[in-house]
Every structure is written in C-alpha cells, then in structure tokens.
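Trainee: any chance you could fold what I've pasted below:
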Amino acid sequence: MIGAIGARARDGATSITFNERYIIMKKSIETLIPDIHNLLIEGKKQGVDEKHLKEFFNALREDIGIFLSGEKRDGSPRLRMSSIGRKDRKLWYEFNSNLKREELSGQDKLRFFFGNLVESFLLLLAQEAGHRVTDRQKEVVVGGIKGHIDCKIDDVLVDVKSASSFGFKKFKENNLIHEDPFGYVAQLSGYVQAEGGDNGYFWAYDKSNADMVLTEIDELTMIDVEDRVKHLKKLVKDKNIPEKCYDDKPQGSSGNRVIDKNCVFCEYKFDCWKDANDGDGLRVFLYAQGKEYFTHVEKEPKVEELIV
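Mentor: The predicted structure follows:
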C-alpha cells in the first residue's frame, strides 16, 4: 500500500482544528507536517536549540566542502542502493557501454547542492517542531549492496526528496509506484529491509511552492531487494542487452515519433536509439520549450535541427 498524508490547506498551511490539538501534541510521523506549519506560524519563544543548529551547520559545512572541492565523480560502475531501482537497460549500459560519463555541469551541481540544503533545513525544522531525528546518513547493507539512509524521524525511516512540481505530483497523488524512473521505491525498500522494518516514508518538498507531503510505502508496495540484487548481478554480466525502458511516442498528428520524456536526460539515449530513423539514429530539433529527440520523421519540423 502507498499513501500520502499532509496535504496543504488552501492558504498554504495544513489546517488544524481545536479538537486536533491533543493529537498534534503527541508527536509522531503523522503529525510532522502540521507540526512544522504550526512552528512557522506561532514561532518558538525559547529560540532555536543550539544542538540542532550545530547539526545543521555541520551538515552544511560538509556539503559546501564537497561542492567546492572540484572532486570528480567516480566513473567506475557499481551497484548502489540508489541505483537498484533503475530500469534494467539503463543499468546494463552503465556497466557495458564504452561511453564516458559526462561530468556534471555547474548548473547541475548547483541544483544538487540546493536540494541537499533544503533537505538538511527540513530536518532542522522537524527537530525544532519537537520530533526526534536519528540515524542520519547511517550506512546499511542489503545483498552486499551498500547505501546510506537519510534519517529516522520518530523511529520511522524517512527518505527526504526535494522535487519539481512535476515530480512532487507523483508523491502527492500516490503515482510513484506506477511511474518511478529514478527507482525511488526500490531504494527506500532497500533501506527499510536493511533495518528490518515493514514501512517507510518519503518526505517530499515541492521546490516551486513549498508544499510538503509524506508518502508511505509498506510491505504491499516494497520490492524484494534481495531478489532484485541477485537479478542485477546477473544482468550486468550478460552480453545480451535488455529491452528498451520505454517505447517512443507519437508527436501530435504529424506522423513523427519522439522518445519518451523519461529518456530525455539519459546519457545513453543515442546508443539506445541508434536504430532510429532507419539506422541514422536520433534526430534532434530545438523547440521553444527545449530539445525534442525524434525516432522517426514523417514531416520535417519547421524548427532548427541540431547536429549531434
């Protein structure tokens, strides 16, 4: 089962009735979001806890050090908890493609840094709202695959995600189990199973409007991570490439076809679709809203074609 709690009221804050005050006073994961909204509205007369501030600044100092170190990404492929939920074909390419992985751009690095900053600040707010935050970045192992959990809040395992409005919608509307190109459910399943639990939560934050939601996954939703890891260890050594992750899609009524939106940011898309356009590979056209990657051109687009 997968479910979401903590949707906003129309004024941007979760509404709390007078009769709910008693429940809110009993801190639990279910009251996390209304407790934070209440903290922000009413304030904290005694000021911020120095211990909580120190933990926040220590995490921030570490993130800034990594961000400005200029350290290159480790290019050697290996299975990680954060990757076991990726599509089979993408993982196969990671281990078997000769393509050199692109270094992150400055814009990408800024995006990841601010994502980490938001997540650290949310944990500070959780603490200041009276919730216990423990086991931050604890290393866990399942099937020989290592990972680091974000934390536990009130003894419940929580994975914090800052997301665009498009990504946030999946958490809020409980669609993540049906459309999960980044493998978040498998990742959280691994963390929960490594800790011997039976449920965990995504705490998602919408970067565009500060909306928040808690989305639970339980035993009915989680994958069997041990089986998944066994499958992947065989997969990456297989010489046969798995089927494509996504089919291409029609572009309107023109007869043209383009790759799925989940393929757009994949670094292996040109290799993956080298059979497109009768063997000529993907053709790329620049529209006002961005690049489109064509697998078949029936009618020539009236925009600039990019040579790749």
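Trainee: please count neighbours and contacts with C-alpha atoms only from this point.
Mentor: OK.
Trainee: what ranges do the strands span in this structure?
Mentor: Assigned by DSSP state E, the chain shows strands spanning 2-5, 133-134, 139-142, 145-148, 151-153, 156-163, 199-206, 212-218, 249-250, 257-258, 283-287, 290-296, 304-306.
Trainee: reformat those strands as JSON lines; add mean neighbour count and distance to Phe95.
Mentor: Listed next are the strands of the chain as JSON lines, based on neighbours: other C-alpha atoms under 10 Å; distance: least, C-alpha to C-alpha, whole Å:
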{"stretch": "strand 2-5", "mean neighbour count": "18", "distance to Phe95": "32"}
{"stretch": "strand 133-134", "mean neighbour count": "18", "distance to Phe95": "35"}
{"stretch": "strand 139-142", "mean neighbour count": "16", "distance to Phe95": "20"}
{"stretch": "strand 145-148", "mean neighbour count": "18", "distance to Phe95": "16"}
{"stretch": "strand 151-153", "mean neighbour count": "21", "distance to Phe95": "30"}
{"stretch": "strand 156-163", "mean neighbour count": "22", "distance to Phe95": "27"}
{"stretch": "strand 199-206", "mean neighbour count": "23", "distance to Phe95": "29"}
{"stretch": "strand 212-218", "mean neighbour count": "22", "distance to Phe95": "30"}
{"stretch": "strand 249-250", "mean neighbour count": "15", "distance to Phe95": "27"}
{"stretch": "strand 257-258", "mean neighbour count": "22", "distance to Phe95": "26"}
{"stretch": "strand 283-287", "mean neighbour count": "16", "distance to Phe95": "26"}
{"stretch": "strand 290-296", "mean neighbour count": "19", "distance to Phe95": "24"}
{"stretch": "strand 304-306", "mean neighbour count": "12", "distance to Phe95": "29"}
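Trainee: weakest of those in terms of mean pLDDT?
Mentor: Ranked by mean pLDDT, these end with strand 2-5 at the bottom, a mean of 61.
Trainee: among the strands of the chain, which is nearest Asn96?
Mentor: Among those, strand 145-148 comes nearest to Asn96, with 19.3 Å by C-alpha to C-alpha.
Trainee: who's in contact with the closest one?
Mentor: The set of residues external to strand 145-148 that reach it, using C-alpha atoms under 8 Å, 6 or more residues apart in numbering, is Leu79, Arg80, Met81, Ser82, Gln137, Lys138, Glu139, Val140, Val141, Tyr191, Val229.
Trainee: adjacent strands (with direction) for it?
Mentor: strand 139-142 (antiparallel) (DSSP bridges).
Trainee: coming back round to it: ok, which of the strands of the chain comes nearest Val264?
Mentor: Per C-alpha to C-alpha, nearest to Val264 of the strands of the chain: strand 290-296, 7.5 Å.
Trainee: how far away is the nearest residue to Leu214 once chain neighbours are set aside from Glu119?
Mentor: Residue nearest to Leu214 in three dimensions, not counting chain neighbours: Trp203, with 4.6 Å by C-alpha to C-alpha, 6 or more residues apart in numbering. Noted for Trp203: a distance of 9 Å to Glu119, by C-alpha to C-alpha, to the nearest Å.
Trainee: what do the two both touch?
Mentor: Val160, Lys161.
Trainee: including distance to Asn38, could the strands of the chain go into a markdown table?
Mentor: Formatted as a markdown table, the strands of the chain follow (distance: least, C-alpha to C-alpha, whole Å):
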| stretch | distance to Asn38 |
| --- | --- |
| strand 2-5 | 16 |
| strand 133-134 | 18 |
| strand 139-142 | 33 |
| strand 145-148 | 30 |
| strand 151-153 | 18 |
| strand 156-163 | 20 |
| strand 199-206 | 17 |
| strand 212-218 | 14 |
| strand 249-250 | 45 |
| strand 257-258 | 47 |
| strand 283-287 | 44 |
| strand 290-296 | 40 |
| strand 304-306 | 51 |
